[in-house]
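> fold the following for me, if possible:
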Amino acid sequence: MTVYIIYHSNHQISPSDSIKILGLTFGNHRHLSKLNFSPHINNIVDKSQRICRILFALIGNTWGLPCKKRINLYKGMIRPAISYGYQIWFNQINKSQIKKIDSLQYRILAKSIQAYCSVSENIVHLICSLPKLSDYFHTHLITKHIHDYHLKAIEVKNIENLLLLKYYNGSNDTFKKFFVSPFIPNYFRPNFYNIQFISNHGKFNQYLFKIGKSSSPLCPCGRDIQCSIHILLSCHNFSYRNLFSNAKDCIATKQNFNIFNQFCKEYCLNYS
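Numbers count the residues shown, from 1 in each chain. This is a model prediction of the structure:
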């Protein structure tokens, strides 16, 4: 391909692969059927990752801002920056780019709730009570014709509830034993310890064996595979096992949740 260079008043003007107009970056789309927003998506990812590196440098797994405040920071500061101009570019991007922005939000939210990076997208978004980013954009695009603010808010909420139900149906069995519906109680506060139990991704031999960090999935008590449910309800090595008859009781009331939360912390700190 021949590249033409223009000279004007002794200044060299070279062709550019992209151009930025009103905050949106377009790539070369001469041979594409749609506008090329690949540079814009890459800019979004790079900018968001820089913001998150600064934010999470001041936050650790067991110290710093509580998870709820981290989620609120994402909703109020980072998601609006990512969303800028989505009404123009979202329908122009391909599946790979959609996956990239969904992955971006997932990584930020997983870090916000202090979950292992192997915890599923469905569980992370359920704990945060947020739709995946592509679902969020799609929801607002299909409701843009509703001009009444209150009616639109109701419709958006109804769609988001259906999305959360879809995520719930796609979550693992352990999560469903703790939560009987996709709607997380307001008093539930995710942290580094309880997320390990409700996801079964943590300091349990079943999970550690799966990722090659343990020689056996069995519990030292010799009764069963060591998963979070076994530790909580059945293992003879832990005195808390008689407090709850099933996993959902751990989240049934605020008082139960506080007891469960303390147990998760003690286990992760002392028994692993």
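> for the stretch 151-272 of the chain, what are the low-confidence residue spans?
239-242, 271-272 (pLDDT under 70).
> run through the helices of it in chain order.
173-178, 194-199, 205-210, 228-233, 254-270 (DSSP state H, counting those that start in this stretch).
> these: which one's closest to N122?
Evaluated with C-beta to C-beta, the helices of the stretch 151-272 of the chain place helix 173-178 nearest to N122, the distance being 8.2 Å. All C-beta atoms are positioned from the backbone trio N, CA, C, and that covers glycine.
> mind giving me the packing neighbours of the closest one?
Helices and strands touching helix 173-178, by 3 or more C-beta pairs under 8 Å, 6 or more residues apart in numbering; DSSP states H and E, are helix 194-199, helix 228-233.
> give me the phi and psi for I6.
Backbone geometry at I6, expressed as degrees, to the nearest 10, gives phi -100, psi 140.
> report how many residues lie close to it.
9 (other C-beta atoms under 10 Å).
> bridged to it, which residues?
I13 (DSSP bridges).
> need the winner for burial among the helices and strands packed on helix 173-178.
helix 194-199 (a mean of 26; mean count of other C-beta atoms under 10 Å).
> got a list of contacts for that helix?
For helix 194-199, contacts defined as C-beta atoms under 8 Å, 6 or more residues apart in numbering pick out 113-116, 119-120, 123, 127, 172, 174-175, 178-179, 201-204, 228, 231-232, 260-261, 264, 267-268.
> what about 6 Å?
Residues outside helix 194-199 that contact it (C-beta atoms under 6 Å, 6 or more residues apart in numbering): 113, 115, 119, 123, 175, 178, 202, 228, 261, 264.
> and what of stretch 204-213?
201, 214, 217, 225-228.
> burial measure for the residue nearest to P66 when sequence neighbours are not counted, as a count.
What sits nearest to P66 in space, not counting adjacent residues and going by C-beta to C-beta, 6 or more residues apart in numbering, is R189, at 6.8 Å. Using other C-beta under 10 Å, R189 is surrounded by 14 other residues.
> likewise for L163?
19.
> tell me who's in contact with it.
Neighbours of L163 in contact, by C-beta under 6 Å, 6+ apart: 131, 135.
> what does I159 give?
Contacts for I159 were tallied using C-beta under 6 Å, 6+ apart; they are T139.
> circling back: so which of the contacts of helix 194-199 is the most crowded?
A115 (27 neighbours).
> ok, that one to K132 distance?
Using C-beta to C-beta, to the nearest Å, one obtains 15 Å as the distance from A115 to K132.
> which one of the helices of the stretch 151-272 of the chain lies closest to G76?
helix 194-199 (22.3 Å).
> which parts of the chain are strands?
6-8, 11-13, 18-21, 24-27 (DSSP state E).
> with adjacent residues omitted, what lies nearest to the most centrally placed residue in the chain?
By C-alpha atoms, centre = their mean, the chain has its centre lying nearest to Y106, at 3.2 Å. Spatially, and ignoring its direct neighbours in sequence, Y106 is nearest to E121 (5.0 Å; C-beta to C-beta, 6+ apart).
> how about N261?
Nearest residue to N261 in three dimensions, chain neighbours excluded: N194, at 5.5 Å (C-beta to C-beta, 6+ apart).
> could you do I41 as well?
Q97 is the one closest to I41 (C-beta to C-beta, 6+ apart), at 4.8 Å.
> before we move on, what about S112?
Nearest one to S112, counting by C-beta to C-beta, 6+ apart, is R70 at 3.8 Å.
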